[in-house]
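J.: Predicted model and sequence below, questions to follow.
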Amino acid sequence: MRRIIRAVCVTAGLAYAQSAVADPSVKELAARAEVRSIETLTLSDQQFLTGDKNGKPATIAGELRLPQGASGRLPAVILMHGSGGPGPREELWAKIFNEMGIATFRTDSFSGRGLTTVSANQALLGRFNMILDAYRAHNVLSGHARIDRGRIALMGFSRGGQTALYASLKRFQQAWDPDVAFAAYIPLYGSCNATLIGDTDVSNVPIRLFHGAADDYVPVAPCRGYLERLRAAGKNVRLTEFADAHHAYDNPLGIKTPVVAQNAQTVRACKLKEEPLGTIINAETGQPFSYKDPCVQTNPHVGHNEAAMQATHAAVKELLRSVFKLN
């Protein structure tokens, strides 16, 4: 009988321990959450690239999460989602930053525009439109009584990663919001395959890219070339690659064995260039780019990689501790 009782106790103890490991840390939970509206525009790529402000007015939203036990003005990270819209990946990062004492602002660029996903039809929203959303989100945060305007970083994933990368261009900042000033730019597996006019004249703050070497949705190769040009221009940039990591490797609910993202469009085979100002062309044909071009392919892979995710968590936390001057 005693053996049975011990066995039950041991089993219960193991179950409790496993549950404790699975449960989130209380420190990750926000002390306060606010949903803030963001007034922005829906623009074509040409409108954004030329600074044409005659786009369609749009109201999107962001969830501001304030960490526990923090006083005074706080540092913050704006999180920009990918083509599938906001999900568990952004939620996990928000909890990680909140536990560090950093506020987060998870934006939703889709719902206010009547979209849920653009994965199978990327033409539903301009490639660069979310950069304006990021600038407008910065403006909202800058006016918040609890946020330190000088300590706001921009982080994005996939389409949002492209946003976080190209939002650093001084040309775009001057055209859309000369007062915008991010403390760091953190693109995860963002596309670098569009050569833009003035794309080496970027902010002088840290730009840190993270990418999977096995990514066939948004291949890393164009980013290597772009970073070489940025380094030659004396910019503070760094690319971290993870072997065997696929697209969306940091999605905590992703499947470890890479799976096909059914019907998702990828421009992995396209070489894009801005020529002339405001026009994105297919460099192979010299004609304006369209998602109907033969270079646009479908069915790339996505998959979770635990080691790459944990390494990215550690690297980003170290970066923000330095940039935000955290203890």
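T.: Happy to help now that I have it.
J.: Need the contact partners of the host helix or strand of residue 165.
T.: Remark: residue 165 resides in helix 159-166, with elements defined by DSSP states H and E. Residues from elsewhere that reach helix 159-166 (CB atoms under 8 Å, 6 or more residues apart in numbering): 79-83, 118, 122, 127-128, 130-131, 133-134, 154-156, 172, 185-192, 196, 199, 207, 209, 218. To be clear about C-beta, it is placed using only N, CA and C from the backbone, and glycine gets the same treatment.
J.: Quick check on these: which are buried?
T.: 79-83, 118, 122, 127-128, 130-131, 133-134, 154-156, 172, 185-192, 196, 199, 207, 209, 218 (16 or more other CB atoms under 10 Å).
J.: Return the set of residues that bridge with the residue nearest the centre of the chain.
T.: In the chain, the C-alpha nearest the mean C-alpha coordinate belongs to residue 156, at 0.9 Å (CA atoms, centre = their mean). Beta-bridge pairing of residue 156 under DSSP bridges involves residue 80, residue 187.
J.: That one and residue 278, how far apart?
T.: In this structure, residue 156 and residue 278 are 23 Å apart, going by CB to CB, to the nearest Å.
J.: Start and end of stretch 181-192, how far apart?
T.: 22 Å (CA to CA, to the nearest Å).
J.: Show me how far it is from its chain's centre.
T.: 7 Å (CA atoms, centre = their mean, to the nearest Å).
J.: in the stretch 151-300 of the chain, which ranges drop under the pLDDT threshold?
T.: Within the stretch 151-300 of the chain, no stretch has pLDDT under 70.
J.: how about the strands of it, start to end?
T.: Secondary structure of the stretch 151-300 of the chain by DSSP state E, counting those that start in this stretch: the strands cover 185-188, 194-195, 207-212, 237-242, 259-260, 265-266, 272-274, 280-282, 287-288, 297-298.
J.: deepest of these, which one?
T.: strand 185-188 (a mean of 28; mean count of other CB atoms under 10 Å).
J.: Show me what that strand is packed up against.
T.: Strand 185-188 sits against strand 147-157, helix 159-166, strand 207-212, helix 306-323, with contacts defined as 3 or more CB pairs under 8 Å, 6 or more residues apart in numbering; DSSP states H and E.
J.: Now do the first one against strand 207-212, angle only.
T.: Regarding strand 147-157 and strand 207-212, their directions subtend 30 degrees when assessed with axes from the mean of the first three to the mean of the last three CA atoms, to 10 degrees.
J.: buried stuff in strand 147-157?
T.: Quick answer for strand 147-157 (16+ other CB under 10 Å): 147, 148, 149, 151, 152, 153, 154, 155, 156, 157.
J.: swap in the longest one?
T.: Buried positions in helix 306-323, judged by neighbour count with 16+ other CB under 10 Å: 308, 309, 311, 312, 316, 317, 319, 320, 323.
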